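K.L.:
give me the fold of what follows.
(one chain, ligands or ions: 1)
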Amino acid sequence: MKKVLVTRPMPDAVIGALSAAHKVAVRDDTGPMSRVEMIAALQRFDAILPTIGDAFSAEIFAAASEIRAGLLANFGVGYNHIDVTAARAHGVEVTNTPGVLTDATADLALTLILATARRAGEGERLVRAGRWHGWHPTQLLGQQVTGTRLGIVGMGRIGQAIARRGHYGFGMEVAYTNRSPKALDFPARQIETLTALAAEVDFLVVAVPGGAATHHLIGAEVFAAMKPTGIFVNIARGDVVDEAALIAALKAGEIAGAGLDVYENEPEVPEALRLMENVTLLPHLGSATLETRAAMGLLAADNILSFLAGEAPISPV
Ligand code: DGY
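P.N.:
Okay, here's the model as predicted:
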């Protein structure tokens, strides 16, 4: 029996799958691991199931020196909190959970598009505050979503799932940027530059992975290129966007609104954003359905079970 650490409470099925074969410790804290915890975990466990916020940086691997763990089976498709190069250099493999959260995350992107365009947050706040005094023809007029133009930054699995929903569900004309050409099974136009894409769409949605290569990919230039009626949506990672530039663009009326699920310094959300009525703010709910979180946990567990059985992990990064 090997020793496995699960760094957050998980659905019972996930712990059950691991416990049937190995000795499992579950950390009951819902917050990120501390430096000391991460170092101790690398030294004491054969495999670790970490997630967002557990910042396994190069410094942590170096400080652990005597590393027992052979695998970090990340719970989540995004793994920008793990320095994969440093992990490999210390003999630690890394896996993630692609595929199983695509639909839930795409659904949430549409939630943000609709909520922001149709001013759902403002409407909800009005009703809850007891300030709704009745229907009238010019109350809380929003923007139409059906038949508009949707721009996707990053046409990977999640970008495609968002685009499909826009095209088939809302009759949207889809355009996108992507590092390489994509063979797609629905109509969409690839555009060379981000600013050209930003200039022609009504909704600009970011769906690229986080990490050094995409840090502040979306900044002042992109917001300046957007239509003043444009709405910006981020379901990817907070630091893909220069948050200060986003706030400045919203304040200056360069764009009409934003729907955000992720933030540059999560869980800190700038007060400037919290005070804006034209911004929809969610607490990183992209994959937060019971079905999806169970599937993510089971895939992470399967990666651990394969690895500890001496087989190749299912979804290496
Ligand atoms: C992921 O898997 O990276 C998501 O951000 C979690 O919702």
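
K.L.:
from Gly78, how far off is the residue most central in space within the chain?
P.N.:
Most central in the chain under Cα atoms, centre = their mean is Ala236, positioned 3.8 Å from the mean C-alpha point. Applying Cβ to Cβ, to the nearest Å, the value for Ala236 to Gly78 is 8 Å. C-beta here means a position set from N, CA and C on the backbone, and glycine is covered the same way.

K.L.:
assign a three-state SS to Ala40, would you?
P.N.:
With DSSP: H, G, I helix; E, B strand; the rest coil as the basis, the three-state label of Ala40 is helix.

K.L.:
hmm, back to that, give me the common contacts of Ala236 and Gly78.
P.N.:
Common neighbours of Ala236 and Gly78 (criterion: Cβ atoms under 8 Å, 6 or more residues apart in numbering): Pro209, Gly210.

K.L.:
sorry, back to before: what does the model give the residue nearest to the centre of the chain for pLDDT?
P.N.:
Predicted confidence (pLDDT) for Ala236: 98.

K.L.:
hang on, it in a helix?
P.N.:
No - using three-state DSSP, the secondary structure at Ala236 is coil, not a helix.

K.L.:
and it, how close does it get to the ligand?
P.N.:
8 Å (Cβ to the nearest ligand atom, to the nearest Å).

K.L.:
repeat for Asn178
P.N.:
19 Å.

K.L.:
OK, contacts around the residue nearest to the centre of the chain?
P.N.:
Gly78, Gly154, Val206, Ala207, Val208, Pro209, Gly210, Thr214, Val262 are the contacts of Ala236 under Cβ under 8 Å, 6+ apart.

K.L.:
contacts only, for the fourth one.
P.N.:
So that's Ala207. So Ala207 contacts Ala109, Ile152, Val153, Gly154, Met155, Gly156, Ile158, Gly159, Ile162, Ile235, Ala236 (Cβ under 8 Å, 6+ apart).

K.L.:
tally of neighbours for the nearest residue to it once chain neighbours are set aside?
P.N.:
Distance criterion Cβ to Cβ, 6 or more residues apart in numbering; nearest residue to Ala207, sequence neighbours excluded, is Gly159 at 3.8 Å. By other Cβ atoms under 10 Å, 28 other residues sit near Gly159.

K.L.:
residues in contact with Gly159?
P.N.:
Ile152, Val153, Tyr176, Asn178, Val205, Ala207, Val208.

K.L.:
pLDDT wise, what is it at?
P.N.:
Confidence score, pLDDT, at Gly159: 98.

K.L.:
neighbours of whatever residue of the stretch 151-300 of the chain ends up closest to the ligand, just the number please.
P.N.:
Closest residue of the stretch 151-300 of the chain to the ligand, Cβ to the nearest ligand atom: Ser287 (3.4 Å). The number of residues packed near Ser287 is 24, by other Cβ under 10 Å.

K.L.:
hang on, it in a strand?
P.N.:
No - according to three-state DSSP, Ser287 belongs to no strand; its state is coil.

K.L.:
and it, what does it touch?
P.N.:
Going by Cβ under 8 Å, 6+ apart, Ser287 touches Gly76, Val77, Leu101, Ala104, Thr105, Arg293, Met296.

K.L.:
secondary structure, pLDDT and distance to the ligand added to those, as a markdown table?
P.N.:
As requested, those are exported to a markdown table (DSSP: H, G, I helix; E, B strand; the rest coil; pLDDT from 0 to 100; distance: Cβ to the nearest ligand atom, whole Å):
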| residue | secondary structure | pLDDT | distance to the ligand |
| --- | --- | --- | --- |
| Gly76 | coil | 98 | 3 |
| Val77 | coil | 97 | 4 |
| Leu101 | coil | 98 | 5 |
| Ala104 | helix | 98 | 8 |
| Thr105 | helix | 98 | 7 |
| Arg293 | helix | 96 | 9 |
| Met296 | helix | 98 | 7 |
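
K.L.:
and those residues as a markdown table, adding neighbour count?
P.N.:
Shown next, in a markdown table, are the contacts of Ser287 (neighbours: other Cβ atoms under 10 Å):
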| residue | neighbour count |
| --- | --- |
| Gly76 | 20 |
| Val77 | 23 |
| Leu101 | 24 |
| Ala104 | 21 |
| Thr105 | 23 |
| Arg293 | 19 |
| Met296 | 26 |
